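Engineer: compute the structure for the input listed below.
(chains A and B)
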There are 2 protein chains.
Amino acid sequence: MDIGIIGAGSLGLLYSYYLSKNHTVTLYTNQKQQADQINSNGLLMVKDGINTRVMINADSTRNYKEELLIVTVKQYDIASIIAEINNLTPRTILFLQNGMGHLPYLSALLKHHIILGIVEHGAIRLDDHTVQHTGVGKTKIAYYNRDNSQNSLIQQLQINQQSLFPIEMEDNWRKMLSEKLVVNATINPLTSVLKVRNGVLIENDHFMKLLKVLFNEVIQVLGLSNEALLWEHVYNICENTAQNQSSMYKDIQNGRQTEIDAILGYLIQQATNTQKPIPHITFLYHAIKGIEIGND
Amino acid sequence: MDIGIIGAGSLGLLYSYYLSKNHTVTLYTNQKQQADQINSNGLLMVKDGINTRVMINADSTRNYKEELLIVTVKQYDIASIIAEINNLTPRTILFLQNGMGHLPYLSALLKHHIILGIVEHGAIRLDDHTVQHTGVGKTKIAYYNRDNSQNSLIQQLQINQQSLFPIEMEDNWRKMLSEKLVVNATINPLTSVLKVRNGVLIENDHFMKLLKVLFNEVIQVLGLSNEALLWEHVYNICENTAQNQSSMYKDIQNGRQTEIDAILGYLIQQATNTQKPIPHITFLYHAIKGIEIGND
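Structural biologist: So this is what the prediction gives:
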């Protein structure tokens, strides 16, 4: 089928590469220069030191024609995309944002079939047309509007999946996003402020105390009850990605804007409604915002 | 007069240099090697690029003979020194520690004339016998036991002071130490965790929010009421030492143990008694303790 992928960062490039094996992919870039580069050079995937090239169509217009669109832009760029999507004829749209900051926009888009997803792959954009697949994970997806649950496009996507690129269906989008948010709201800010790899958070007793106290605050705000399981989830991710730097820490190191507003900013908004005290979330939010502005 | 200075870190070297101008100083080192170096090379002071050498007596025994002792060891080394001082014949002893962690020991020493001091100089120990005077400040001192208030040795110390080394008498030791502790408990941990120079804490709006919220917690725990004046004090220090790295940040960078236990550790103990919530103090305490253990 024809798939349009909106956003050509690490995830946009990664999804373009894998989905182009069985589908016709158009990658919508923000800059004409990037589209030109991809159209002339192809898309290069680096994995375990091996380079593989595919040819795909790249396009810097916003003339989305495909029946299935996959939105991979960062949270802070989503507002302008939403406005465009709102004007499209009805179709199936898969959102792959971190955090839950995009949820308030979705109610305006219910003429479309909305699917929400989370990405557990590790990927780094090396340049405009090259992506490195640093960690094989899964894409988890869930239907946002229930009437949509026999979506044939999504079924095709699942049938045709690659071995290195599994796509799994989840029952409950809110649970799925919340669990991901717990991870992103704890490991990401802490590793970014302390400037450590993920594993250090559980190897260092003092840092683990910080992780636990932050974790408790986050699940309180999200109103999540399965505390023991979620803690195990966070702990396991620190353990399994011990040598990795979190995406936010990488953004900080590269002087890029982080997704802190979509993650802790969202939780601060939520907590304003519920009036729960959130000193650690607030502290880390301002620490990251301050680090983004720069130190010197 | 004869002055014994206990501890040959940056402060011990700094005080030995300036006081040796008008007094006979013996510097008590922990290591024989350091005493040997000072006895053969003299003590070198670097200020504004100019080196000045003085000869002083250094001694690695703990055979304190002087009528005035000045204790400059770090908080975490003070327990063993206190035990030795306890056995001495009565004399005048000036303590120059950061924080208030040494206070509980002092009640056992009341046969001595106890003076408490705080140091506002900037100094870096360059090697065993060289100290750099990086910032001219003051020594503020106050009598711990009131009956001692006409102490002739302290009066001599004040009369003979150097222009670059003023010594000022304060009325109230508790107020003096509390104010210093507010500075050390806010600027030091924050600059160490965020890895910024002092000035950045007030130049960066987000970091200033963190400074303010931490400040409020600290003065709550210390039960200090003159909030506006104290905030001005903290703010001014950030402004006046904008380009400096705090002593704790320097310790962290050099892989040395910090004085976090004497500073935030002391406040945590105090707060346990009063049951005030101190999330920011606790968070920063564990962050620094964790950083001390090491990241990798």
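Engineer: CA atoms only: put the helix or strand hosting A:Thr186 into PDB for me.
Structural biologist: For A:Thr186, the host element (DSSP states H and E) is helix A:173-194. Provided in PDB are the C-alpha atoms of helix A:173-194 (Å, rounded to 0.1, in the frame of the first residue of the first chain):
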ATOM      1  CA  TRP A 173      -3.800   3.100  24.300                       C
ATOM      2  CA  ARG A 174      -4.000   5.100  27.600                       C
ATOM      3  CA  LYS A 175      -2.200   2.300  29.500                       C
ATOM      4  CA  MET A 176       0.400   1.900  26.700                       C
ATOM      5  CA  LEU A 177       1.200   5.600  26.600                       C
ATOM      6  CA  SER A 178       1.200   6.000  30.400                       C
ATOM      7  CA  GLU A 179       3.700   3.200  30.700                       C
ATOM      8  CA  LYS A 180       6.000   4.800  28.100                       C
ATOM      9  CA  LEU A 181       5.500   8.200  29.800                       C
ATOM     10  CA  VAL A 182       6.600   6.800  33.100                       C
ATOM     11  CA  VAL A 183       9.800   5.600  31.500                       C
ATOM     12  CA  ASN A 184      10.400   8.900  29.700                       C
ATOM     13  CA  ALA A 185       9.500  11.000  32.700                       C
ATOM     14  CA  THR A 186      12.000   9.200  35.000                       C
ATOM     15  CA  ILE A 187      15.000   7.900  33.100                       C
ATOM     16  CA  ASN A 188      15.200  10.700  30.600                       C
ATOM     17  CA  PRO A 189      15.300  13.800  32.800                       C
ATOM     18  CA  LEU A 190      17.500  12.100  35.500                       C
ATOM     19  CA  THR A 191      20.100  10.800  33.100                       C
ATOM     20  CA  SER A 192      20.100  14.200  31.400                       C
ATOM     21  CA  VAL A 193      20.700  16.200  34.600                       C
ATOM     22  CA  LEU A 194      23.100  13.800  36.100                       C
END
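Engineer: any part of the helix or strand following that helix near chain B?
Structural biologist: Sequence-wise, the next helix or strand downstream of helix A:173-194 (DSSP H and E) is helix A:200-203. Yes. Shown here: helix A:200-203 in contact with chain B (CB under 8 Å from any CB of the partner chain) through A:Val200. For glycine as for every other residue, the C-beta is placed from the backbone atoms N, C-alpha and C.
Engineer: contacting residues for A:Gly101?
Structural biologist: A:75, A:78, A:261-263, A:265-266 (CB atoms under 8 Å, 6 or more residues apart in numbering or on different chains).
Engineer: all helices of chain A, in order?
Structural biologist: Assigned helices in chain A, in chain order: A:10-19, A:32-41, A:78-86, A:103-106, A:152-159, A:173-194, A:200-203, A:205-222, A:227-240, A:247-253, A:260, A:266-274, A:279-293 (criterion: DSSP state H).
Engineer: which residue ranges of the stretch 1-150 of chain A form strands?
Structural biologist: For the stretch 1-150 of chain A, applying DSSP state E, counting those that start in this stretch gives strands covering A:2-6, A:24-28, A:43-47, A:50-54, A:57-59, A:68-71, A:92-95, A:113-119, A:122-127, A:130-135, A:139-143.
Engineer: show me what the fifth one packs onto, helices and strands only.
Structural biologist: Other helices and strands packing on strand A:57-59, by 3 or more CB pairs under 8 Å, 6 or more residues apart in numbering or on different chains; DSSP states H and E, are strand A:24-28, helix A:32-41.
Engineer: same thing with the first one?
Structural biologist: In terms of contact count using 3+ CB pairs under 8 Å, 6+ apart, strand A:2-6 is assigned the packing partners helix A:10-19, strand A:24-28, strand A:68-71.
Engineer: buried residues in that strand?
Structural biologist: Judged by neighbour count using 16 or more other CB atoms under 10 Å in any protein chain shown, the buried positions of strand A:2-6 are A:3-6.
Engineer: how far is it from where the chain is centred?
Structural biologist: For strand A:2-6, the separation from the chain centroid amounts to 17 Å (computed by CA atoms, centre = their mean, to the nearest Å).
Engineer: so that strand versus helix A:78-86, what angle?
Structural biologist: Strand A:2-6 runs at 150 degrees relative to helix A:78-86, counting by axes from the mean of the first three to the mean of the last three CA atoms, to 10 degrees.
Engineer: what pairs with strand A:2-6, parallel or antiparallel?
Structural biologist: Note on strand A:2-6: by DSSP bridges, its sheet partners are strand A:24-28 (parallel), strand A:68-71 (parallel).
Engineer: sorry, back to before: with pLDDT and distance to A:Val131 added, can I get the buried residues of strand A:2-6 in TSV?
Structural biologist: Below are those laid out as TSV (pLDDT from 0 to 100; distance: CB to CB, whole Å):
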residue	pLDDT	distance to A:Val131
A:Ile3	97	17
A:Gly4	98	18
A:Ile5	98	12
A:Ile6	97	16
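Engineer: share the number of residues neighbouring the nearest residue to A:Trp173 once chain neighbours are set aside, please.
Structural biologist: Distance criterion CB to CB, 6 or more residues apart in numbering or on different chains; nearest residue to A:Trp173, sequence neighbours excluded, is A:Ala142 at 3.7 Å. Using other CB atoms under 10 Å in any protein chain shown, the number of residues around A:Ala142 comes to 19.
Engineer: ok, A:Ala142 to chain B distance?
Structural biologist: Distance of A:Ala142 to chain B, computed by CB to the nearest CB, to the nearest Å: 34 Å.
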